[in-house]
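Q: need coordinates for the following:
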Amino acid sequence: MVRITGKGGSYSPTRGAVFNSAHFTLLRRNARGTASRLRLTPLGILQLRHVTFTTCKLPKPSWVLRASSLTIDTRDRIGTGRDARVDLHGIPLLYTPWVSFPVGNVRKTGFLFPTFGNTSTSGLQVTTPFYWNIAPNADLTLQPTEYQRRGIDLGGEARLLTADDRTELDWDYLPYDSAYHGSRSRIRLRSETNLPGGLRLSLDGENVSDSQYFEDFANGPGRREHRVPQSPRRAVLPQRALERPRHGAAVSNHRQHTAG
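A: A predicted model of the protein is given here:
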């Protein structure tokens, strides 16, 4: 659902509605933006010129996507933009001549919205995720992160869902941490398996390269939920395999911290 306001415009049953100096809100996506000219076609396609777009909830957004043109297909839930850049606190960070992104919970292979963070120990951090929709029950997200004071982290997440199993593997690897003067890594495996008799076996194991890892990366690898902005990443996998009643559980939870 789209809410649009503007200073002036026109409407035609064949061409749709046109707004000038428009403000728009995608209610289901919690996104908003502005455009010098906005057209909503009878087929539900938004065509915008000189656009700003953000999903940040702050009154003054911490990040803004700017584009010379933007098209959002509300039926296919796909957006495309041209001459696009991302500003963080008013500072241009990323530029691309063309960008495509899902609107809502559509699973689509391609780059996702970048995420940003900042800490006193690591400095500015920028993550540019790439999502691969491998199959209806499997996907892979590559999440390279560049740290101002540490270097590049090669992180990612893989997920697989079958009739009786759900497995998630996520990892981070810094070949060389400039502040630590060495390599850093983290890997976590989570798995749930449905067993006969309504039982469920759960596994949650995590390993890090050194005892300082979680302290250094409280807002980074392995703790991505604290990053800003809270951008939607991708659709969840089907949940039918996990909907059977739970009558009992056998649980294994293992974490290992290896001192460096």
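
Q: what residue ranges in the stretch 151-260 of the chain score low on pLDDT?
A: Applying pLDDT under 70 to the stretch 151-260 of the chain flags the ranges 219-260.

Q: try 90
A: 197-198, 215, 217-260 (pLDDT under 90).

Q: can you give me the helices in it?
A: Using DSSP state H, counting those that start in this stretch, the helices found in the stretch 151-260 of the chain span residues 213-216.

Q: quick one, strands of it?
A: Listed in chain order, the strands of the stretch 151-260 of the chain (DSSP state E, counting those that start in this stretch) span 151-161, 165-177, 182-194, 200-208, 250-257.

Q: for the second one, packing partners?
A: In this case it means strand 165-177. strand 151-161, strand 182-194 (3 or more Cβ pairs under 8 Å, 6 or more residues apart in numbering; DSSP states H and E). Glycine gets a C-beta too; all of them are placed from N, C-alpha and C.

Q: would you mark the buried spots in that strand?
A: Buried residues in strand 165-177, defined by neighbour count with 16 or more other Cβ atoms under 10 Å: 166-168, 170-174, 177.

Q: re the thing from before, may I see the strands of the stretch 151-260 of the chain organised as CSV, with distance to P102 added?
A: Below are the strands of the stretch 151-260 of the chain laid out as CSV (distance: least, Cβ to Cβ, whole Å):
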stretch, distance to P102
strand 151-161, 16
strand 165-177, 20
strand 182-194, 24
strand 200-208, 29
strand 250-257, 33
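
Q: which one of these lies closest to T54?
A: strand 151-161 (24.1 Å; Cβ to Cβ).

Q: strands paired with that closest one, and their directions?
A: strand 138-147 (antiparallel), strand 165-177 (antiparallel) (DSSP bridges).

Q: make TSV out of those and add distance to T109.
A: Formatted as TSV, the strands paired with strand 151-161 follow (distance: least, Cβ to Cβ, whole Å):
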stretch	distance to T109
strand 138-147	9
strand 165-177	19
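
Q: which one of those lies nearest to I45?
A: I45 sits nearest to strand 138-147 of all the strands paired with strand 151-161, at 27.1 Å, using Cβ to Cβ.

Q: off-centre distance for the closest one?
A: 10 Å (Cα atoms, centre = their mean, to the nearest Å).

Q: do the same with stretch 1-13
A: Chain-centre distance of stretch 1-13: 30 Å, with Cα atoms, centre = their mean.

Q: same question, stretch 188-208
A: For stretch 188-208, the distance to the chain centre is 25 Å (Cα atoms, centre = their mean).

Q: one more: stretch 23-32?
A: 17 Å.

Q: shift numbering so it begins at 414
A: Will do, 414 is the new start, and the previous item becomes stretch 436-445.

Q: what's the span of that stretch, first residue to last?
A: Across stretch 436-445, the terminal residues are separated by 8 Å (Cα to Cα, to the nearest Å).

Q: show me what that stretch is in contact with.
A: 414-419, 446-448, 451, 459, 461, 466-468, 470, 485, 516-517, 645 (Cβ atoms under 8 Å, 6 or more residues apart in numbering).

Q: buried subset of these?
A: Listed as buried from those are 415, 419, 446-448, 451, 459, 461, 466-468, 485, 516, 645; burial here means 16+ other Cβ under 10 Å.
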